[in-house]
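[1] Kindly generate the corresponding structure for this input.
(one chain, ligands or ions: 2)
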Amino acid sequence: MARKNELPPIITQLLQQKKYPFVIAIIALIAFLFFEFDGFKDITTPKSDSKPIQTDVSKLPKTPSSFSQAKTIVYNKIYQGHEKTFYCGCDFDKKRAVDLKSCQVKPRLNAERASRIEAEHIIPASWFGMDRQCWNEPICKDKKGEAYKGRECCLDIDPFFRVAHNDLYNLTPAVGEINGDRSNLAYGIVAGEKREYGACDFEIDRDSKLAEPAPAVRGDIARVGFYMERTYGVTFPPKEKELFIQWDKDDPIDEWEKTRNQRIAAIQAK
Ligand SMILES: [Ca+2]
Ligand SMILES: [Ca+2]
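    Ligands and ions are numbered 1, 2, ... in the order given. Prediction:
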């Protein structure tokens, strides 16, 4: 028997009625289902083929599901109307460019990285990642079958790590070069006042592996530290804990910090 009609009846009918947008929509839907359209599978979908680690995250804050989403929220919502970098107070714009003149910052080595903001983890990811299996063992596999570990693996398969990593309280916009230089150094007091970044009161001592932030943000840092401690069980060496307790007293919460906390709480409410 010859096939009289090669198109599904619904499409034929819609074509006869000249309802072309419906036809296009149906064809797009079929193509989407058929080809498993990849466009909506952003980085919230693990690129790994590995199984997710089973963790009960129902009691943890509802943090953004991807890091790129978290960054967009930090820059566009949390810091809206307060477009200033955390350590140096530089203005930044919607394109994430830093106005270095606004804060008299001079790049140390990398002018290009200094010209962009990056999302700084006040408590570095390695501090809450280093005890995770995904951080230490190559238990993730990419689509080519190659094993990997560390931050990318943990973001892909470890829900606890992902929630902590994307927590908005712990993320601040920073001059890219300073974010890179701070890396995962602990905070502390660095002797002297060598200013490697122009007028910005931020020092790094690569020998003692310490980063000294300006007095105006020390309390902010301490309170984020306490939050990460009670929310995710991050622990600090006794010396750093003592410093945080002191910094919390010396730099009490101000209006901007309150606003920031309220904005974050509205998004991350349990
Ligand atoms: Ca100093
Ligand atoms: Ca402060």
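[2] Can you pull the residues of this structure lying near ligand 1?
    Val190, Glu212 (CB under 5 Å from the ion). Using the backbone N, CA and C atoms, a C-beta is placed for each residue, glycine as well.
[3] Okay, helices next: where are they in the chain?
    9-16, 20-35, 67-73, 111-114, 125-129, 133-136, 151-157, 159-165, 176-182, 215-232, 238-250, 255-268 (DSSP state H).
[4] Adding mean neighbour count, mean pLDDT and distance to Ser102, write the ones you listed out as a markdown table.
    Output for the helices of the chain, formatted as a markdown table (neighbours: other CB atoms under 10 Å; pLDDT from 0 to 100; distance: least, CB to CB, whole Å):
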| stretch | mean neighbour count | mean pLDDT | distance to Ser102 |
| --- | --- | --- | --- |
| helix 9-16 | 13 | 74 | 57 |
| helix 20-35 | 11 | 64 | 46 |
| helix 67-73 | 17 | 98 | 21 |
| helix 111-114 | 16 | 96 | 13 |
| helix 125-129 | 19 | 96 | 29 |
| helix 133-136 | 18 | 97 | 37 |
| helix 151-157 | 22 | 97 | 31 |
| helix 159-165 | 22 | 97 | 30 |
| helix 176-182 | 22 | 96 | 15 |
| helix 215-232 | 18 | 97 | 16 |
| helix 238-250 | 14 | 96 | 26 |
| helix 255-268 | 15 | 98 | 17 |
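[5] quick one, which of these is nearest to Arg206?
    helix 176-182 (9.0 Å; CB to CB).
[6] what number of residues lie near Gly150?
    Gly150 is flanked by 18 other residues according to other CB atoms under 10 Å.
[7] possible to save the helices of the chain as a markdown table with distance to Ile204?
    Formatted as a markdown table, the helices of the chain follow (distance: least, CB to CB, whole Å):
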| stretch | distance to Ile204 |
| --- | --- |
| helix 9-16 | 65 |
| helix 20-35 | 49 |
| helix 67-73 | 23 |
| helix 111-114 | 14 |
| helix 125-129 | 17 |
| helix 133-136 | 24 |
| helix 151-157 | 21 |
| helix 159-165 | 23 |
| helix 176-182 | 6 |
| helix 215-232 | 15 |
| helix 238-250 | 16 |
| helix 255-268 | 24 |
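[8] Right, I'll leave it there.
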